[in-house]
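> Provide a 3D model corresponding to the input given below.
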Amino acid sequence: MKEIFRHSELHRVTRYRDILESASIETLVRNEALSVSDAPIPEFFPNLCVLSDDEFPRASELLKEHDERMAAGSGVELICPSCGEVNPGNFDVCFNCQEPMPPSTPC
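Here you go, the predicted structure:
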């Protein structure tokens with residue numbers, strides 16, 4: 001088991017967990033229930049571990065690709081083909097209707 005990501009905000013850790021688990025990479029979130037409010041101590045931050053050391057390189061590449069895709073789409077806006085709502089270009093689903101966002105409908 002190897003740690004792949006640690007952050008003070010649990011939602012960021014669980015987002016990465018969801019990405020890896022959707023690719024059939026088994027993970028474990030440690031320190032999920034700990035709350036550090038006054039003195040943030042990184043050792044107690046929620047952290048994501050990949051259970052199989054053999055899967056670690058693939059998991060790292062998936063997270064890198066995700067981060068690059070999010071950065072590339074952050075300056076673009078897309079129109080949802082289902083409801084017409086304008087969404088940031090790095091959204092996978094429409095925040096209004098939850099339908100998948102195709103990458104080919106820029107404003």
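> Map the structural domains onto the sequence of this protein.
2-73, 75-107 (automatic domain parsing).
> and the gap between residue 71 and residue 65?
With distances defined as C-beta to C-beta, to the nearest Å, the gap from residue 71 to residue 65 amounts to 11 Å. C-betas here are computed from N, CA, C, even on glycine.
> about what we covered before: in TSV, list the domains of the chain along with mean pLDDT.
Listed next are these as TSV, based on pLDDT from 0 to 100:
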stretch	mean pLDDT
domain 2-73	90
domain 75-107	82
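> Export these as a markdown table, with columns for mean neighbour count.
Rendered in a markdown table, the data for the domains of the chain read as follows (neighbours: other C-beta atoms under 10 Å):
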| stretch | mean neighbour count |
| --- | --- |
| domain 2-73 | 14 |
| domain 75-107 | 14 |
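> Which helix in this structure has the most residues?
Counting by DSSP state H, the longest helix found in the chain is helix 56-73.
> The helix or strand just after that one - contacts with which helices or strands?
Per DSSP states H and E, helix 56-73 leads on to strand 77-79 as the next helix or strand towards the C-terminus. Judged by 3 or more C-beta pairs under 8 Å, 6 or more residues apart in numbering; DSSP states H and E, strand 77-79 is in contact with strand 86-88.
> Distance from the chain centre to the strand it packs on, please.
If you compare the mean C-alpha spot of strand 86-88 with that of the full chain, they lie 18 Å apart, counting by C-alpha atoms, centre = their mean, to the nearest Å.
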